[in-house]
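Structure for the following, please:
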Amino acid sequence: MAKRYIVTPLSLVVVVLAVFVGYLYFFAEEEETETRRDQTQPVVIHEVGYIEFRDIIEGLGTAQASESMDVMARVTQNVRSLHFDDGQDVEAGQLLVTLNDREERARVQELEFRLAEANRQLNRLRELAAENAASRSMIDEQEVRVEQTVAELEVARSRLEEMTIHAPFKGRLGIRQVSRGSLVRPGDVITTLDSLEPIFVDFSIPEIYLPSLAAGQRITGLSTAYPGREFEGRIVSLASRVDPITRSIQVRAEIPNENQEIRPGMLMRVRLERQVDTAMMIPESSVVPIRNEFIVFVVNEDNIAERTTIEVGRRQPGWVEVLGGLNEGEIIVREGVVRLRDGLPVAPREQ
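Numbering: from 1, shown residues only. Prediction:
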């Protein structure tokens with residue numbers, strides 16, 4: 001006789017519970033996997049390593065000519081002729097301006113004639129004295145006249161020299177401020193003269209950096225007039241005093257200026273290298289400051305972000321020195337740290 005299976009309400013409940021538990025076991029695990037996949041964050045990673053660290057001080061400076069002067073007359077007189085053009089390069093000793101010197105030339109010529117006559121008279125008296133026809137006192141008096149005339153001639157020649165103006169050093173002239181026939185007086189600026197090769201840059205550095213400054217130290221100058229250009233130079237001198245108001249010291253650097261691109265008065269941004277060494281550096285974008293701590297996210301072998309506290313040191317634009325908390329070769333998140341939290345899976349890619 002065949003067995004009969006009787007379906008009772010209790011057995012039906014047991015079957016329903018078994019099906020429900022199986023659903024929770026298989027489908028809930030799949031849903032958790034999908035949820036975790038949806039939480040995966042795309043990030044840019046960076047491998048921790050040692051790079052060259054340049055300890056740089058920055059300051060603002062002003063370009064100065066190595067030699068500079070205002071070309072002026074020493075006497076009041078009219079300009080007879082000009083021997084230069086605006087912006088002209090001149091050599092040392094080159095004639096620039098001639099003033100009206102007719103009176104001075106005539107005076108020099110007169111004294112030269114008088115001196116020649118005085119010397120002729122002196123020689124004649126010496127000849128007569130050899131024949132006992134002239135006394136010693138007459139010769140002495142004539143010698144005094146000769147010396148007096150020589151002194152007057154030197155003064156007249158000096159006055160004549162003041163009627164011409166020469167360049168005292170090699171350089172470039174500025175824009176002339178007078179014309180031919182103009183009356184110039186002492187103190188009137190005729191033009192300017194600047195020596196542009198080399199060029200000086202004067203800048204100030206806080207006194208705290210004084211022990212690390214020395215003549216011969218390398219600097220880099222930058223100007224907005226030449227974007228992307230770097231002008232290399234060296235410190236030539238330090239001021240003997242620290243400014244008691246700004247607590248800074250004046251520094252002068254010399255920059256070769258063969259093409260005369262840098263002009264006096266230009267604003268220069270100066271970068272001074274204190275020292276160059278090797279340090280463990282990470283991108284500044286990797287670091288998250290929280291209260292008094294600095295946090296980075298390390299990516300492990302399973303592509304899980306692990307929150308790590310580090311100790312930071314020196315900084316330079318875009319980079320931070322790591323003193324502790326990381327090892328060379330570890331992978332950290334460089335971009336995308338804002339959306340991360342500890343234990344979150346990530347999809348890393350290199351930039």
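
which stretches of this protein have low pLDDT?
1-39, 133, 351 (pLDDT under 70).

Domain ranges for it, per the record?
41-53+278-350, 58-65+197-276, 101-161 (automatic domain parsing).

so how far does the second one reach from one end to the other?
Criterion CA to CA, to the nearest Å; first-to-last residue distance in domain 58-65+197-276 is 15 Å.

circling back to that earlier point, with mean neighbour count as extra columns, can I get the domains of the chain in CSV?
(Glycine included, C-beta is placed from N, CA and C.) Listed next are those as CSV, based on neighbours: other CB atoms under 10 Å:
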stretch, mean neighbour count
domain 41-53+278-350, 15
domain 58-65+197-276, 15
domain 101-161, 14
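
out of those, nearest to residue 82?
Ranking those by proximity to residue 82 (CB to CB) places domain 101-161 first, at 14.5 Å.

from the chain's centre, how far out does that closest one sit?
How far domain 101-161 lies from its chain's middle: 61 Å, per CA atoms, centre = their mean, to the nearest Å.

Show me what the helix or strand where residue 306 lies is packed against.
Assigned by DSSP states H and E, residue 306 belongs to strand 305-316. Using 3 or more CB pairs under 8 Å, 6 or more residues apart in numbering; DSSP states H and E, the elements in contact with strand 305-316 are strand 49-72, strand 293-299, strand 319-324.

Now distance to residue 222 too, for those strands, in a markdown table please.
What follows is the helices and strands packed on strand 305-316, written out as a markdown table (distance: least, CB to CB, whole Å):
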| stretch | distance to residue 222 |
| --- | --- |
| strand 49-72 | 10 |
| strand 293-299 | 31 |
| strand 319-324 | 19 |
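
So which of the ones you listed is nearest residue 239?
That would be strand 49-72 among those, by CB to CB, at 13.1 Å.

Mind listing what's buried along the helix or strand just after that closest one?
Next helix or strand after strand 49-72 toward the C-terminus (DSSP H and E): strand 77-82. Of all the residues in strand 77-82, those buried under the rule 16 or more other CB atoms under 10 Å are 77, 79, 82.

how far is the next helix or strand after strand 77-82 from where the chain is centred?
Next helix or strand after strand 77-82 toward the C-terminus (DSSP H and E): strand 89-90. In this view, strand 89-90 has its centroid 26 Å away from the chain centroid, taken as CA atoms, centre = their mean.

which helices and strands does strand 89-90 pack with?
strand 171-173.

who touches the helix or strand following the strand it packs on?
Downstream of strand 171-173, the next assigned helix or strand under DSSP H and E is strand 183-184. The contact list for strand 183-184, computed with CB atoms under 8 Å, 6 or more residues apart in numbering, reads 72, 73, 76, 77, 78, 79, 99, 178, 190.

ok, for the second one, nearest residue in space, not its chain neighbours?
Leaving out its chain neighbours, the residue that sits closest to residue 73 by CB to CB, 6 or more residues apart in numbering is residue 184, at 4.5 Å.

And the third one, by the same measure?
Computed as CB to CB, 6+ apart, the closest residue to residue 76 that is not its neighbour in sequence is residue 185, at 4.7 Å.

The helices and strands packed on strand 305-316: which one's closest to residue 86?
strand 49-72 (12.5 Å).

Tell me which strands the closest one pairs with, and in which orientation.
Strands that pair with strand 49-72, judged by DSSP bridges, come out as strand 189-206 (antiparallel), strand 267-283 (antiparallel).
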